[in-house]
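Visitor: can't give you the sequence, but here's the structure:
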DNA sequence: CTGGATCCGGTGGGATACTG
DNA sequence: CAGTATCCCACCGGATCCAG
């Protein structure tokens, strides 16, 4: 359908969105609810989050599972097709870890205990 | 200086630009003049090309070599720091090649002789 | 003729408030 | 809690102009 000038554009079409790689890097570690993703990405807007998630879903990279309950619950996870991106995401993450300028050199900003994410006080 | 919520953002800060990965994928194969890059990326604007090249240069990923001659000649190439991105670019290109929907299955759309890029029939 | 800069109009993304 | 609607501005695209 699409004509690419160079094959890598096919990859960028899927993960080239502004926040998609970050989203996928979170989902590669574990299934996440919408609010969890929002907390993991303080810089992102609701609008952009849902938009990027929809596009990833349309491209078959992630799955959206809706629980019919109140309050609403939606979970996002990688599809098998999405897992084919693992090597890309791994190399991106590895490069970032090697070349990041750490503001708090002794503090791990990433691997917070997951349990604390849900009960984080909202004040 | 910058605070990242996840290390991979450090990588996206460098290669996250709209055309940067494509540019780097071309430069990883060989040094290129401005006009060559322009021809290899029919979709890009002169303005965006120079802008993305400037940003890549500021981030120390590519080098800009100016020949003082008429007509002007400028060559872009990867720096040693830029070569540290090779693994990322390779995995991106490999994924693209595997998952591209080939419009002309038996035709290699990439390694066309440069001269024919402008006159390619659109049927 | 190549490489680049500038000006202007349309679009994508941010902030906020609202609905179920 | 998840998602939508609205407004607004920075950014991108296209055309044009400039230097060598």
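Guide: Okay, I see it. Note that the coordinates shown come from a computational prediction; the quantities given were computed from them, not determined experimentally. Numbers count the residues shown, from 1 in each chain, chains lettered A, B, ... in the order given.

Visitor: which parts of stretch A:85-98 are buried?
Guide: A:85, A:87, A:88, A:89, A:90, A:91, A:92, A:93, A:95, A:96 (16 or more other CB atoms under 10 Å in any protein chain shown). Placement of C-beta: from N, CA and C, glycine included.

Visitor: count of neighbours near the closest residue to DNA strand C within chain A?
Guide: Closest residue of chain A to DNA strand C, CB to the nearest atom of the strand: residue A:48 (3.6 Å). Neighbour count of residue A:48, defined by other CB atoms under 10 Å in any protein chain shown: 14.

Visitor: stretch A:21-31 close to DNA strand D?
Guide: No. Stretch A:21-31 is not in contact with DNA strand D by CB under 7 Å from any atom of the strand; minimum separation 11.3 Å.

Visitor: coming back round to it: and the buried residues of stretch A:85-98 near chain B, which?
Guide: Filtering those for proximity to chain B by CB under 8 Å from any CB of the partner chain leaves A:85, A:87, A:88, A:89, A:91, A:92, A:93, A:95, A:96.

Visitor: the helices in chain A, which residues?
Guide: All helices of chain A, identified by DSSP state H, fall at A:8-15, A:20-27, A:34-40, A:46-58, A:80-83, A:86-99, A:115-118.

Visitor: as a markdown table, those helices with mean pLDDT would be great.
Guide: As requested, the helices of chain A are exported to a markdown table (pLDDT from 0 to 100):
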| stretch | mean pLDDT |
| --- | --- |
| helix A:8-15 | 96 |
| helix A:20-27 | 98 |
| helix A:34-40 | 96 |
| helix A:46-58 | 97 |
| helix A:80-83 | 97 |
| helix A:86-99 | 96 |
| helix A:115-118 | 38 |
